[in-house]
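Visitor: Mind looking at a prediction? Sequence and model below.
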Amino acid sequence: MNLHPFIIIVSGFLVILWVYSALSKLTNWDYFKHAMKIQVFPLWMCKILIYVIPALELALAISLLFNATRLYGMYASFFVMGMFTLYIGGAVFKWYDRYPCACGGLFGRLGWKRHFKVNIVLTLIAMVGVLLMEL
């Protein structure tokens, strides 16, 4: 069975996800910076992540567009989604002293439990992309 169309579909879906996520941060820059400052990690880390996160999301989207870098982009998407899902899981399972900010956009309106479920699905989609490319 030729899996190529499925790889393109998963890649396209992840590209849309990463571009949406990055653009929502960049177009609402002041809100994003404020939201990052009230996360559960130290302020010094926030000052780095406000630049790294949107750049990483755009880099992931770009890596998924090209055959030469798509497998790397799939692995990186799976890793980043997994890490973010764990972070959200910390809010759902009350691992933190306080709730982190939901950070706006479509996902910010879901609430923590639904956001966690959506992120699990997105992580699984990225994992499927990896598996399809490795076959």
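Guide: Received the coordinates, thanks. Here the structure is a predicted model, which is why all the values come from computation and not from measurement. Numbers count the residues shown, from 1 in each chain.
Visitor: Model confidence at the most centrally placed residue in the chain, what's the number?
Guide: Centroid-nearest residue in the chain, with Cα atoms, centre = their mean: Met81, separated by 4.8 Å. pLDDT recorded at Met81 is 97.
Visitor: from now on call the first residue 34
Guide: Sure thing, new numbering starts at 34, so read that last one as Met114.
Visitor: ok, the spatially closest residue to it that is not a sequence neighbour to Gln72 distance?
Guide: Counting by Cβ to Cβ, 6 or more residues apart in numbering, Thr156 is the residue found nearest to Met114 once chain neighbours are left out, at 4.2 Å. Every residue, glycine included, has its C-beta placed from N, CA and C. Using Cβ to Cβ, to the nearest Å, Thr156 is found at 20 Å from Gln72.
Visitor: Now the residue nearest to Met114: which helix or strand?
Guide: Assigned by DSSP states H and E, Thr156 belongs to helix 145-167.
Visitor: Show me what that helix is in contact with.
Guide: 36, 39-40, 43-44, 46-47, 50, 103-104, 107-108, 110-111, 114-115, 117-118, 121-122, 124-125, 132, 135, 140, 143 (Cβ atoms under 8 Å, 6 or more residues apart in numbering).
Visitor: Now do the residue nearest to the centre of the chain against Pro87, distance only.
Guide: Look at Met114 and Pro87: by Cβ to Cβ, they are 16 Å apart.
Visitor: What residues does the residue nearest to the centre of the chain make contact with?
Guide: By Cβ under 8 Å, 6+ apart, the neighbours of Met114 are Asn152, Leu155, Thr156, Ala159.
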